[in-house]
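> sharing a model that was predicted from the sequence below.
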Amino acid sequence: MTDHIPALHLQGIVKTFPGVRALDDVSFEVMPGEVHALMGENGAGKSTLMKVLGGIYQPEEGQIIVGEEPVVMTSPLHAKSKGIVFIHQELSLAEELSVAENIYLGELPRKSFGRVDWGKLFAQTNEILEKLKVSFDAKTIVGELSIANQQMVEIARALTVDAKAVIFDEPTASLTDAEKVVLFDVIRDLKDQGVGIIYISHRMEEVFRMTDRVSVLRDGSYRGTLETTETNEDEITQLMIGRSLDLSRNKTHAELGEVALEVRGLSCGDLYSEVSFDVRRGEVVGFYGLVGAGRTEIAETLFGLRDPSAGQILLDGQEVRIHSPADAIARGISLVPEDRKAQGLVLGMNCRDNMTLPQVDDLKAGPFMAEGAEVSIFDQYRDKLDIRTPGWKQLVGNLSGGNQQKIVIGKWLSMHPNVLIVDEPTRGIDVGSKSEIHNLIRDLASQGYAVIVISSEMPEVLHVSDRIVAMFHGRIMRTFTSEEVTEDNLIQAISGIESTEAA
């Protein structure tokens, strides 16, 4: 740390909403040249605190100090003018505009008579993009980029100003491993320049890798600050949720039933080839591999979003042809997608309507919806999954990430599937809710569901799976039982290293 004066200090912040004290006398600071993690469960107050910092909310009490200057933030643009830059988890880009226009939106360089200086704009942008080592240039239309590259455009915005503090909100959620390395290099460069970094993340391994200190919020209150090198995951978790978590390897011995799903020699162009596996009732089969291994593409094929180029899919021993999600649903296959907000939910609709969406035609009473039946379904799965919401009228967009995920799972469970596929079940979810989702997956297996879990987190796949399918570049390298798998042989398998042991 290069200075004893904080780059940014939020002091005694109080923010209330009707019936809720969202922030209760919260203080937080980040020093120049420090990477400071801000952690807490969904609903702990992190987002509210950052919205106060960005001028979206005005606090009832407390103040914001930038350097030595007390500031009343009126908007994110005002915050940016004071050197406070936000890199949001939820992308806020204009997809029809170029990368350069997005990065300098509202601050385009001008020539005489207010004309945009396009040459200067593109040159400045390309200079920033070179630092990020990306494969696109200033003139690329943002809508043509992958989600990961759009995230890099968000990050590029931070490099356009003389930043005093940069807030990264779940910055790696959409990035590949290679892109994460670039991001971490960017953060280190900012740190070396004396910029204060606030790093909001649920990923413990990143927090221990990148940060100097960790501050924790719980239920809108400040719970403490720890030196990263002097703490551990259990201590942080205790501060966050008030209890320890069981993150041990799955040692349950499930009562397995008949084979519910069998896949023989399934291929899909260059995405994956000769994939064979089965899933029994009462079993959780985990799919683990690096980005691009083909795991999600297999799930999309089973759900009718992709047509296979070869191979067979069998349900209860009978070969089936699945050409659409409607085919999959009719045959009892359900998919909880990786991106729940974009693919699994309608955020502007209430909880009940989201949960019963696949059953709209079945729940009609003449030309109208049978509201009583819809509410009954919602109530049943709210209780079964412990979904925390004031009632069915609550908009799904207002729920925490963990409760949103439970709504998606409840939606598909209400269809009574034979096979439930869950892709990245705890992406963007805090550790407390993550534990609940893990317990829910194990509980579903114990009830006789056949469950496929696709995860990029090794502790997660080890914790919930009875068997683990390790993939590399579209091929299954090896299938492990929970007893025989080790971190070393799993890493070898997903790295493409052939094992001499019998699979």
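Structure's in. What do you need?
> quick check: domain ranges of the protein?
Here the chain is described, according to automatic domain parsing, as comprising the domains 8-241, 245-332+417-503.
> and these as TSV, adding mean pLDDT, distance to residue 350 and mean neighbour count?
From N, CA and C alone the C-beta is placed, and that goes for glycine too. Rendered in TSV, the data for the domains of the chain read as follows (pLDDT from 0 to 100; distance: least, C-beta to C-beta, whole Å; neighbours: other C-beta atoms under 10 Å):
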stretch	mean pLDDT	distance to residue 350	mean neighbour count
domain 8-241	89	18	18
domain 245-332+417-503	88	21	19
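> mind putting the ones you listed into a markdown table with distance to residue 348?
Formatted as a markdown table, the domains of the chain follow (distance: least, C-beta to C-beta, whole Å):
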| stretch | distance to residue 348 |
| --- | --- |
| domain 8-241 | 14 |
| domain 245-332+417-503 | 19 |
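> out of those, nearest to residue 357?
Closest approach to residue 357 among the domains of the chain (C-beta to C-beta): domain 245-332+417-503, 11.4 Å.
> returning to what we had before: which among the domains of the chain is found nearest to residue 395?
Comparing the domains of the chain by their distance to residue 395 (C-beta to C-beta), the top pick is domain 8-241, with 14.5 Å.
> off-centre distance for that closest one?
Averaging C-alpha positions (C-alpha atoms, centre = their mean, to the nearest Å) puts domain 8-241 16 Å from its chain's average.
> what is the helix or strand hosting residue 298 packed up against?
Using DSSP states H and E, the element containing residue 298 is helix 295-302. Taking 3 or more C-beta pairs under 8 Å, 6 or more residues apart in numbering; DSSP states H and E as contact, the helices and strands that helix 295-302 lies on are strand 259-268, strand 272-280, strand 284-289, strand 333-336, strand 419-423, strand 450-455.
> ok, now with 7 Å
Counting contacts by 3 or more C-beta pairs under 7 Å, 6 or more residues apart in numbering; DSSP states H and E, the secondary-structure elements packed against helix 295-302 are strand 259-268, strand 272-280, strand 419-423, strand 450-455.
> with distance to residue 67 added, can I get those strands in TSV?
Shown next, in TSV, are those (distance: least, C-beta to C-beta, whole Å):
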stretch	distance to residue 67
strand 259-268	55
strand 272-280	53
strand 419-423	44
strand 450-455	42
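> just to revisit the earlier point, what does whichever helix or strand comes after the helix holding residue 298 contact?
As assigned by DSSP H and E, the chain's next helix or strand after helix 295-302 is strand 310-315. For strand 310-315, the surrounding residues in contact (C-beta atoms under 7 Å, 6 or more residues apart in numbering) are 260-267, 302, 319-320, 322, 331-332, 418.
> one more: stretch 392-410?
Stretch 392-410 is touched from outside by 42-43, 336, 340, 344-345, 347-352, 354-355, 375, 378, 381, 385, 387-389, 425, 428-430, 433, 436-437, 440, with contacts defined as C-beta under 7 Å, 6+ apart.
> what's the answer for stretch 127-139, then?
98-100, 103, 122, 125-126, 145, 149, 152, 155-156, 159-160, 182, 186.
> quote the end-to-end distance of that stretch.
The first and final residues of stretch 127-139 sit 13 Å from each other (C-alpha to C-alpha, to the nearest Å).
> equivalent analysis for stretch 204-217, please.
Using C-alpha to C-alpha, one end of stretch 204-217 lies 15 Å from the other.
> got the contact list for it?
With contact meaning C-beta under 7 Å, 6+ apart, stretch 204-217 is reached by 26, 28, 34-40, 44-46, 172, 184, 187, 199, 201, 223-228, 231, 233, 236, 239-240.
> just those: which are in helices?
46, 184, 187, 233, 236, 239-240 (DSSP state H).
> name the element residue 94 belongs to?
Secondary-structure element containing residue 94, defined by DSSP H and E: none, the residue being outside all helices and strands.
> list the contacts of it.
For residue 94, the set of contacting residues under the criterion of C-beta under 7 Å, 6+ apart consists of 102, 105, 142.
> could you pick out which of these are located in helices?
Secondary structure defined by DSSP H assigns residue 102 of the contacts of residue 94 to helices.
> as JSON lines, the contacts of residue 94 with distance to residue 78 would be great.
Formatted as JSON lines, the entries for those read as follows, by distance: C-beta to C-beta, whole Å:
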{"residue": "102", "distance to residue 78": "20"}
{"residue": "105", "distance to residue 78": "15"}
{"residue": "142", "distance to residue 78": "25"}
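> strands of the stretch 401-503 of the chain, start to end?
Taking DSSP state E, counting those that start in this stretch, the strands of the stretch 401-503 of the chain run over residues 419-423, 450-455, 467-472, 475-481.
> can you add distance to residue 133 and give those back as JSON lines?
Rendered in JSON lines, the data for those read as follows (distance: least, C-beta to C-beta, whole Å):
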{"stretch": "strand 419-423", "distance to residue 133": "28"}
{"stretch": "strand 450-455", "distance to residue 133": "27"}
{"stretch": "strand 467-472", "distance to residue 133": "25"}
{"stretch": "strand 475-481", "distance to residue 133": "29"}
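> and of the ones you listed, who's closest to residue 62?
strand 450-455 (39.5 Å).
> which neighbouring elements make contact with that closest one?
Contact analysis of strand 450-455 by 3+ C-beta pairs under 7 Å, 6+ apart lists strand 272-280, strand 284-289, helix 295-302, strand 419-423, helix 431-446, helix 458-464 as its packing neighbours.
> by contact count, what packs against the shortest one?
Think strand 419-423. For strand 419-423, the contact count by 3+ C-beta pairs under 7 Å, 6+ apart identifies helix 295-302, strand 333-336, strand 450-455 as packing neighbours.
> need the ones you listed in a markdown table (columns: distance to residue 7).
Supplementary listing: the helices and strands packed on strand 419-423 in a markdown table, determined by distance: least, C-beta to C-beta, whole Å:
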| stretch | distance to residue 7 |
| --- | --- |
| helix 295-302 | 39 |
| strand 333-336 | 40 |
| strand 450-455 | 36 |
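> so which of the ones you listed gets nearest residue 288?
Using C-beta to C-beta as the measure, strand 450-455 is the one of the helices and strands packed on strand 419-423 that comes nearest residue 288, at 6.4 Å.
> that closest one to strand 272-280, inter-axis angle?
The directions of strand 450-455 and strand 272-280 differ by 130 degrees, with axes from the mean of the first three to the mean of the last three C-alpha atoms, to 10 degrees as the criterion.
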